[in-house]
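Asker: using only what follows, build the 3D model:
(chains A and B)
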Amino acid sequence: MNLSDSRVIDADRATVWAAILDPEVLKACVPGCQEMEGTAEEGFTATVVQKVGPVKATFKGAVTLSDMQAPESVNIAGEGKGGAAGFAKGGAKVRLEAQGDQTVLHYDVEAKVGGKLAQLGSRIIDGFAKKMADQFFNNFQDHVGAPAPAEEPEPETSEDAPKKGWLKRLVS
Amino acid sequence: MPKDTGIGAATVRREDVRFLTGTGEYTDDITLAKQTYAVFARSTVAHGTIKSIDTSAAEVMPGVLAVFTGEDFAEVGGNPAGWLINSRDGEPMKEPKRPVLAHGKVRHVGDAYAAVIAETVQQARDAVEAIEADIEEFDAIVDMNAALSGSNYVHDEIGTNQCFDWGWIEDNREATDNAIKNAHHVTTLELVNNRLVPNAMEPRASIGSYKASTGEYTLHTTSQNPHLTRLLISAFVLGIPENMLTVIAPDVGGGFGSKIYHYGEEALVLAAAKRLNRPVKWTADRTESFLTDAHGRDHVTKIELALDKDGKFLAFRTDTKANVGAYLSNFSTATPTFLHGTLMAGNYTVPLVYVNVKAVFTNTAPVDAYRGAGRPEATYSIERVIDKAARELGMDPIELRRKNFVKPDQYPFASAAGLEYDAGNYDALMDKMEEVADVAGFAARRAESEKNGKLRGFGVNAYIEACGIAPSNLVGVLGSRVGLYDAATVRVNATGNLSVMVGAHSHGQGHETAFPQVVAEMLGIDPAVIDIVHGDTSKIPFGMGTYGSRSLAVCGSAVVRATEKIINKAKKIAGHMLEASEHDITLADGVFSVSGTDKSVTFGEVALKAYIPHEYPLEDIEPGLEETAFYDPANFTYPSGAYACEVEVDPETGKVTVERMTAVDDFGNVINPMIVTGQVQGGLAQGIGQALLENTSYDENGQLLSASYMDYTMPRADDLPMFAVDHSQGTPCTHNPLGVKGCGEAGAIGSPPTVVNAVIDALQSGGKDVTHIDMPVSPARVWEAMQ
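Answerer: Numbering: from 1, shown residues only, chains lettered A, B, ... in the order given. Sure thing, here's the model as predicted:
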């Protein structure tokens, strides 16, 4: 699966660059992220809870950054293992382009999924990835472009939990 | 007048009482005392090296009793292939080991590399999640051409992905090449026979149990052939003495071939049962069925048909790549070769046939026999290329076939692909098909469809297949490692009722109804007093199982032979009772009489005498009335048929609707016409499913994308028309005592080319120059072909 796009972030390039390397920012912005630790130099470890179609799983993954050209570009590679749900892995090339007070973030993602994610979710995986990207950038925009509220509710998972309750857990 | 009992009667299936009232007993319904549960850790990548498996966290999880990995089975045997194929150069096929659990490498998504045994299924599942497997992923080998040209191997130890390169008939190769080179006309077609997932309604399941006091093992399992499973486990995999292992296949909810084979899960639950001294049950979930049941078909073929100027067939030449998946399943080498290449002459007098099949290992689920097993692939290739030839030559497709049919006075007929057809009448089948399908009325129906904006097409097909496998002497020469006879014991109890122990397992075929019809007819008694016992190796003499439409032709013949022995012995006893020579005793309507007198005894009185042998000539006759027979057929049987299909194609969307489907089959003599009709209907549904709907899709990483019913389309009632099924044109098989041929697979063999021929005809009628569309002929493919 390939996903290439760009987004205009309402913040200057240095701010954006710092933010994409900050585990706290990433934790807040990656949809369903429960934990994010590490550094840009050493790599990050993350725990993400996500639901793809009928497959819901906790993905534990490692992310490494390479070819860092501050504050311009970086390559990101990662793999998340979701146990019985399968795995997702891939890489992204990210390039930041200054545009006045704003920054254009170009990304070029190549990813593949395996196991139950592929068996049950392949038809919806492209749409899912697009949605994940959109959510991430909306969150990211909120974080770097404006003062972040103290308690940002995480989209999707935490939002759904109280509403759907036991029924959702049953069909997950 | 239709009969109401015995041979030829449409007796209602007695097994349906339990199936329709939910009282069948399937493997998963069985719960043994102190039973535990197995869950498997399966590879999520298609190809990789197992660097390490850390089970320590799983082992201490709640309820966990044991964790197994491939290391635990490194010393035991592999699951073997049952048929040795030699390549054209004489080299034997490559046979990499198929271990109980993956060891060293994982070779397809779903390949099991560990198993957890726990007190509950949930605990076992949780513990599987805690297994840490470090698997270094390699590029997956999915495409067969890439597999044959690359240096990335599914099995590194064999240094190739080619299992064999088989030629049939090798001596005809040059003559076939010359015939094609010099022919007036050659029609060429490249096609794909799409990979299918069997989708038995009941997933595979197994329970292993062990009695430490005696060393006896019992395996309850979803099998089409419990004796073969026992043999494979005993002789090849675990080395359990055959007399210490009982295999029981209770009610089985569909097999279609996928439950012929022995699978690693069966060995695992037996080994685990011994280690824990407790029964161990495993039941597949639906995803496991998709990933690990042996798939069917998956051939890529180029076929050429050479014709003379009058449309006489001169030669068929095919070049096929057959996907065998990651490991050799038990019949996987026979299916694309001797069950396929030997049928490549079809119903025709064509003098030359040459078939080349390269079997290819890939990082996909194993592929093996699936309803029809090789014959659907042969029929599809032949009947599609004939249809294309008719179009190219401007000939009527029915006439072109008739011109080349073997004629009734030519039997026994030696086909160019090496078989001897014993009986048939293909013109009579075609005549009947034209009548039942109302070919004469097609033009009017087409006009009506066109009025509604639809394209209507008519497709025809003539098939022959080989059933009743198989003559052991012949298949032994061809590489089979087993004999293919069958066995039956007829036990007459003292009170006059019968238990008939048969080697053929029944899982939808209606043996429990049809076999008693045979015995009842021979003895002249009520079928209701005859009970069929099957599926338990401790109760049955032996059996080679149910597949290849062989049950009635082979096992039914053993039942006949055993019943003949019963009659012979009963006549001796009756002779003694009536103070006459056994040679003067006749049996009619269940009564033994002395010819020319009014002296008689009933079958029941003879049975009683056999078990209460007072005033009994013990020096001449043993007490008891029980006989066993093994039957090994003299030849294959050759069912044949003429099929017709009418489709409507919506030119706006490409959607194909099957409007009419006619199957006229020659099954020889018919024991129960209702069961035969049902078998044909089921086969037609599966064949139409293959033609229009079913597609097994692996991506380039070897991930199975169509692994659920969201993505894998099974035929449903509203995809199918009412079928017209006829089997009035039977020509009895000449070499088995019942004159029967076998009907279980015909529908799935005859229908796919019929449907595709009809679709092409519809598109051509709409002025579209479309000569071929690969199956499944989905709306997207049809629409694309029309552009």
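Asker: residues of the stretch 601-750 of chain B that sit close to chain A?
Answerer: B:699, B:701, B:703-705, B:707-708, B:710-711 (Cβ under 8 Å from any Cβ of the partner chain). C-beta: built from backbone N, CA, C; applies to glycine.
Asker: so which of the residues you listed belong to strands?
Answerer: Secondary structure defined by DSSP state E assigns none of these to strands.
Asker: show me what counts as buried in the longest helix along chain A.
Answerer: Longest helix of chain A, by residue count under DSSP state H: helix A:125-145. Under the neighbour-count criterion of 16 or more other Cβ atoms under 10 Å in any protein chain shown, helix A:125-145 has A:125, A:128-129, A:132-133, A:135-137, A:139-145 buried.
Asker: what are the contacting residues of it?
Answerer: A:1, A:3, A:5, A:7, A:9-11, A:15-16, A:19-20, A:25, A:28-31, A:50, A:52-53, A:105, A:107, A:109, A:111, A:113, A:117-118, A:121, A:148, A:152, A:155-156 (Cβ atoms under 8 Å, 6 or more residues apart in numbering or on different chains).
Asker: try it again with 6 Å
Answerer: Helix A:125-145 is contacted from outside by A:3, A:7, A:9-11, A:15-16, A:19, A:25, A:29, A:31, A:52, A:113, A:155, using Cβ atoms under 6 Å, 6 or more residues apart in numbering or on different chains.
Asker: and that helix, how far out from the chain middle?
Answerer: For helix A:125-145, the distance from its own C-alpha centre to the chain's C-alpha centre is 7 Å (Cα atoms, centre = their mean, to the nearest Å).
Asker: what's the mean pLDDT across it?
Answerer: Mean pLDDT, computed over helix A:125-145, is 86.
Asker: report the two of the residues of the stretch 601-750 of chain B next to chain A separated the most.
Answerer: B:N701 and B:M710 (19.7 Å; Cβ to Cβ).
Asker: between these two, which one's more packed in?
Answerer: Neighbours around B:N701 and B:M710, counted as other Cβ atoms under 10 Å in any protein chain shown, are more numerous at B:N701. The numbers are 18 against 15.
Asker: now B:P617. Nearest residue, chain neighbours left out?
Answerer: B:H576 (5.4 Å; Cβ to Cβ, 6 or more residues apart in numbering or on different chains).
Asker: surely that neighbour meets B:E615?
Answerer: No: using Cβ atoms under 6 Å, B:H576 is not in contact with B:E615, being 8.5 Å away.
Asker: of the two, who's got more company?
Answerer: When B:H576 and B:E615 are compared on other Cβ under 10 Å, the one with more neighbours turns out to be B:H576, at 20 against 8.
Asker: give me the phi and psi angles of that one.
Answerer: Backbone geometry at B:H576, expressed as degrees, to the nearest 10, gives phi -60, psi -50.
Asker: show me where pLDDT drops low in the chain?
Answerer: Defaulting to chain A. When residues are selected by pLDDT under 70, those of chain A lie in A:146-172.
Asker: try again with chain B
Answerer: Of all residues in chain B, those with pLDDT under 70 make up the ranges B:1-2.
Asker: B:E392 - how many residues pack around it?
Answerer: Counted with other Cβ under 10 Å, residues neighbouring B:E392 total 15.
Asker: the nearest residue to it once chain neighbours are set aside: which element?
Answerer: Spatial nearest neighbour of B:E392, excluding adjacent residues (Cβ to Cβ, 6+ apart): B:T187 at 5.6 Å. Secondary structure assigned from DSSP states H and E places B:T187 in strand B:185-193.
Asker: with B:T287 instead?
Answerer: Secondary structure assignment for B:T287, by DSSP H and E: helix B:286-292.
Asker: which other residues reach that helix?
Answerer: Counting by Cβ under 6 Å, 6+ apart, B:110, B:197, B:203, B:707 sit against helix B:286-292.
Asker: measure B:V554 to chain A for me?
Answerer: Here the criterion is Cβ to the nearest Cβ, to the nearest Å. By it, B:V554 lies 39 Å from chain A.
Asker: on that earlier part again, which member of the buried residues of helix A:125-145 is positioned nearest chain B?
Answerer: Here the nearest of those to chain B, counting by Cβ to the nearest Cβ, is A:I125; it sits at 9.6 Å.
Asker: what parts of chain A come near chain B?
Answerer: Listed as neighbours of chain B in chain A under the rule Cβ under 6 Å from any Cβ of the partner chain: A:83-84, A:86-87, A:112, A:114-115, A:118-120, A:122.
Asker: contact partners for B:R561?
Answerer: B:629, B:631.
Asker: relative to B:S506, how far out is it?
Answerer: 19 Å (Cβ to Cβ, to the nearest Å).
Asker: now, among the residues of chain A next to chain B, which is nearest to B:H295?
Answerer: Closest to B:H295 out of the residues of chain A next to chain B is A:Q119 (14.3 Å), distances taken as Cβ to Cβ.
Asker: strands of chain A, residue ranges please.
Answerer: A:2-9, A:33-39, A:43-52, A:55-69, A:73-81, A:87-99, A:102-114.
Asker: could I get those strands as TSV with mean neighbour count and distance to B:I749?
Answerer: Conversion of the strands of chain A to TSV gives the following (neighbours: other Cβ atoms under 10 Å in any protein chain shown; distance: least, Cβ to Cβ, whole Å):
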stretch	mean neighbour count	distance to B:I749
strand A:2-9	14	42
strand A:33-39	15	54
strand A:43-52	19	40
strand A:55-69	17	38
strand A:73-81	18	44
strand A:87-99	17	40
strand A:102-114	18	36
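Asker: TSV for the ones you listed, including distance to B:P715?
Answerer: As requested, the strands of chain A are arranged in TSV below (distance: least, Cβ to Cβ, whole Å):
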stretch	distance to B:P715
strand A:2-9	35
strand A:33-39	44
strand A:43-52	28
strand A:55-69	27
strand A:73-81	37
strand A:87-99	33
strand A:102-114	29
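Asker: how about residues contacting stretch B:764-782?
Answerer: Contacts with stretch B:764-782, where a contact means Cβ under 6 Å, 6+ apart, come from B:192, B:194, B:388, B:455, B:651, B:653-656, B:690-695, B:759, B:763, B:785-786.
Asker: apply 8 Å and report the result again.
Answerer: When contacts are taken as Cβ under 8 Å, 6+ apart, the neighbours of stretch B:764-782 outside the stretch itself are B:189-194, B:384, B:388, B:391, B:446, B:455-457, B:649-651, B:653-656, B:690-695, B:713, B:752, B:755-756, B:759-760, B:763, B:785-786.
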